[in-house]
Each structure stands twice: as structure tokens, then as C-alpha cells.
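> Quick one: sequence plus predicted model below, questions after.
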Amino acid sequence: MARKFLVGGNWKMNGSSQLVSQLVKALNEGSWSSNVECVIAPPAPYLASVRSGVREAVGVAAQNVWVDPKGAFTGEISTEMLKDLNIGWVIIGHSERRSIYGESDELVGKKVAAAVKAGLKVIACCGESESERDADKTTEVVFRQIKAIADQLSPKDWANIVIAYEPVWAIGTGKVATPQQAQEVHKDIRNWLAKNVSSDVADATRILYGGSVSAKSSPDLQKEKDIDGFLVGGASLKDKEFLEILNSRQ
Ligand SMILES: O=C(CO)COP(=O)(O)O
């Protein structure tokens, strides 16, 4: 089954009104193949203006969401608010949320389930740290993270899930995984889905690679069979480079 290539831009806690306008303008004026889907994730204060400013074909994602629909949760954002603002996507379980804010596998699973039930599409992140890779625990960690998500979902929910494999050692370090390293884990994730969810879900689910993706590394990474796109951090804040990455899909 053909999986549409997806390039996501995770702006993290970066930007200003000025940079946001510049990036939106570049995406409105730039072009890339209709076989490539683009989703950008601005910081929460800019979600509404990005959604109204960027062309419809570009998806907009929040970088986090809470599990309850409303109430006394100071500082949080609900799925209902995202829908109210016409934000179709949310990134959940990013390694920065896990490590800095202590989000457990279980909480990540609950957030993914709440978002999908609310009708949002989810980019669900997983990935091992350097010491876990060195200890040969990559698949153990990644499978545990994905299982915590899968446990909360029914097979049909997977139509709205994209997985992002983001090895922690490659995030913001300039140390990009080789195409072979990434492909190996992507294939393992797909096999895990086939065995534990269904072969249809394994075939259809897009698995993105994230971690120091640049215009230089994207052409080779995109050649790998099980790499269905990228989740780009730093390079998504550079308008020309992000467009180059969008155009690296052959
Ligand atoms: O965390 C990432 C995307 O979510 C990757 O960040 P960098 O591309 O800056 O390494």
C-alpha cells in the first residue's frame, strides 16, 4: 500500500510573530509534490494565526495536549480547544516531553487515545537514548513505548496515527542516524505492528524519522523503504531548507 510521504516541522519553543509570518509566507509561496503532505507544529500561542494564515493543504499540529476535555488544569490545552481552532494534528510523546516533563509511557498512551477519540490526527513519538542504544535496548524501549500507545487504541484508531521514530541521541545534536540505522528500526516497528495490531495497520501506518534531519541528509534517508517521512526540528525554522526537505522526496 502506498503511504503518503509526510514532512512535519516541529518548531518546539522557538519563533516570534516575525519568524512565524516568514515561515507561513514561505510555505504559502513554496511548492512541493502533491505526493508529500506537510504538517507544521508551531508553539501554542501561534496556532490560531498559523492556521488562518497558512494554506489549507498544510496541516497544523499542536506540540502537546492534555487528556481531560476541560477544567482546572492550569497551563494545559484541550483537544476541544484544538478542534475549536481547526487544528487537525497534535504531536504526542516527544522525547522532550518525556524527559523534561516526566511524561510516562502510560500518560503518552492516554493522551494519544484522548486525541484520536476527539478526532485529531496524532504524530506519536518514540525513540531510545544513547545509553539504551549502546546497551542494545533500542527495540526493547521503542516496542515498550509503542505498546503503551497500542494498548489504548482499537485497530481502526490507527488510521489517524503517524509514528515518529526519533532516537534521542540524534535530536538537536547534528548526529543524524544513518539511513540503514533508521531503516532497521522502522522495519522493526512495522513488524511489531504486524504482529501485535494487524498486517493492514502495519502496511498503512506512516513511520517518520526525526533527529537532525537536514536538506543534506533527507535525500538519502527518504530512499529507505520503511521511512515514510520526517519530523524536522531545527531545520524547520529555516524556510529555504525546510522547502528543500519537502522537495527531497523522489
Ligand atoms: O525533535 C525533533 C523533531 O521533533 C528533531 O529535532 P532536530 O531536527 O532539531 O534534531
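Great, that's in hand.

> which one's the longest helix in this protein?
Longest helix of the chain, by residue count under DSSP state H: helix 179-196.

> Tell me where the chain has strands.
Assigned by DSSP state E, the strands in the chain fall at 5-10, 36-41, 59-62, 89-92, 121-126, 161-165, 207-210, 229-232.

> can you tell which of the ones you listed is closest to Lys175?
strand 207-210 (12.7 Å; Cβ to Cβ). Bear in mind the C-beta positions are built from the backbone N, C-alpha and C, glycine included.

> Could you list which residues are in contact with Met13?
By Cβ atoms under 8 Å, 6 or more residues apart in numbering, the contact list for Met13 reads Pro43.

> what's the burial count for the residue of the chain found nearest the ligand?
For the chain and the ligand, the shortest gap (Cβ to the nearest ligand atom) falls at Gly233, measuring 2.1 Å. Gly233 has 23 neighbours, counted by other Cβ atoms under 10 Å.

> Check Leu19 too.
Leu19: 15 neighbours (other Cβ under 10 Å).

> Going forward, the N-terminal residue is numbered 698.
Happy to do that; since the first residue is 698 now, the last one works out to Leu716.

> Verify the stated contact: it with Asp936.
No - using Cβ atoms under 8 Å, Leu716 is not in contact with Asp936; the gap is 9.1 Å.

> about what we covered before: what's the pLDDT at the residue of the chain closest to the ligand?
Looking at Gly930, its pLDDT stands at 98.

> do the same with the one 5 residues further on
According to the model's per-residue confidence, Lys935 sits at a pLDDT of 98.

> same question, Gln947
Gln947 is given a pLDDT of 76.

> can you check Met698 too?
63.

> any idea which residue sits dead centre in the protein?
What sits nearest the mean C-alpha location of the chain, by Cα atoms, centre = their mean, is Ile820, with 3.9 Å.

> who's in contact with that one?
Counted by Cβ under 8 Å, 6+ apart, Ile820 has contacts 705, 736, 738, 758, 786-789, 859-861, 905, 928.

> Can you tell me which of these comes closest to Ile868?
Leu928 (9.7 Å).

> ok, the residue located most distally from the centre of the chain - contacts?
Farthest-out residue of the chain from its mean C-alpha position, per Cα atoms, centre = their mean: Ala769, at 27.9 Å. Taking Cβ under 8 Å, 6+ apart, we find Ala769 in contact with no residue.

> how near is it to Trp763?
Using Cβ to Cβ, to the nearest Å, we find Ala769 at a distance of 11 Å from Trp763.

> got any ranges where the chain has weak pLDDT?
Within the chain, the ranges that satisfy pLDDT under 70 run 698.

> Spell out which residues of it are next to the ligand.
Within the chain, the positions near the ligand by Cβ under 6 Å from any ligand atom are 707, 791, 863, 868-869, 907-910, 928-932.

> Please repeat the previous calculation with a cut-off of 8 Å.
Taking Cβ under 8 Å from any ligand atom as the contact definition, the chain meets the ligand at 705, 707, 709, 738, 788, 791-793, 822, 861, 863, 867-871, 873, 907-911, 928-933.

> Show me which residues of stretch 884-893 are buried.
Asp885, Ile886, Arg887, Trp889, Leu890 (16 or more other Cβ atoms under 10 Å).

> Quick check, the fourth one in contact with Ile846.
No - between Trp889 and Ile846 there is no contact, the gap being 11.3 Å when judged by Cβ under 8 Å.
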